[in-house]
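A.B. asks: Sequence below, structure please.
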Amino acid sequence: MKSVTIRDLQKSLKTHVDISQKDRVIVTRNGHPAAVLVGVEGMDWEDVFLASSPSFWRMIQKRRSEPTISFSEMEKRLKLQKRN
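C.D. replies: Below you'll find the predicted structure:
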């Protein structure tokens with residue numbers, strides 16, 4: 001992981017955006033972390049939006065805590081639906 005000051009980032013933004021495609025870049029202000037530059041080249045807008053959406057991840061976390069059924073149970077239910 002690379003770190004860069006805000007001042008240096010302003011001078012060479014393109015270089016650091018290129019670096020961020022391979023590794024995260026920590027941006028510092030007065031010696032303290034202030035931001036993280038993460039490359040998203042090759043991803044589509046929806047993937048970028050969802051990956052960075054707190055409400056999406058809260059929904060995922062909520063769903064993961066709910067009861068689940070086995071794959072075989074799901075198959076049985078789907079077969080019953082097809083018959084009806």
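
A.B. asks: CA atoms for contacts and neighbours, from now on please.
C.D. replies: Fine.

A.B. asks: Check what contacts the helix or strand harbouring Ile60 and list those residues.
C.D. replies: With elements taken from DSSP states H and E, the one containing Ile60 is helix 54-64. The set of residues that contact helix 54-64 without belonging to it, under CA atoms under 8 Å, 6 or more residues apart in numbering, is Leu50, Ala51.

A.B. asks: need the next SSE after that helix, C-terminal direction.
C.D. replies: Read in the C-terminal direction, the helix or strand following helix 54-64 is helix 71-83, with elements assigned using DSSP H and E.

A.B. asks: Just give me how far that following helix sits from the chain centre.
C.D. replies: Relative to the chain's own centre, helix 71-83 is displaced by 33 Å; criterion: CA atoms, centre = their mean, to the nearest Å.

A.B. asks: Ends of stretch 33-48, what's the gap?
C.D. replies: End-to-end distance for stretch 33-48, by CA to CA, to the nearest Å: 22 Å.

A.B. asks: Show me which positions of it end up buried.
C.D. replies: In terms of neighbour count (16 or more other CA atoms under 10 Å), stretch 33-48 has its buried residues at Leu37, Val38, Gly39.

A.B. asks: Could you do stretch 6-17 as well?
C.D. replies: Result for stretch 6-17 [16+ other CA under 10 Å]: buried residues Ile6, Leu9, His16, Val17.

A.B. asks: Tell me who's in contact with the second one.
C.D. replies: Going by CA under 8 Å, 6+ apart, Leu9 touches His16, Val27.

A.B. asks: Check which helix or strand Thr28 maps to.
C.D. replies: Secondary structure here is read from DSSP H and E; on that basis Thr28 sits in strand 25-29.

A.B. asks: Go ahead and name everything in contact with that strand.
C.D. replies: Strand 25-29 is contacted by residues 1-6, 9, 16, 19, 33-38 when judged by CA under 8 Å, 6+ apart.

A.B. asks: quick one: which of those sit in strands?
C.D. replies: Members of the contacts of strand 25-29 lying in strands (criterion: DSSP state E): Lys2, Ser3, Val4, Thr5, Pro33, Ala34, Ala35, Val36, Leu37.
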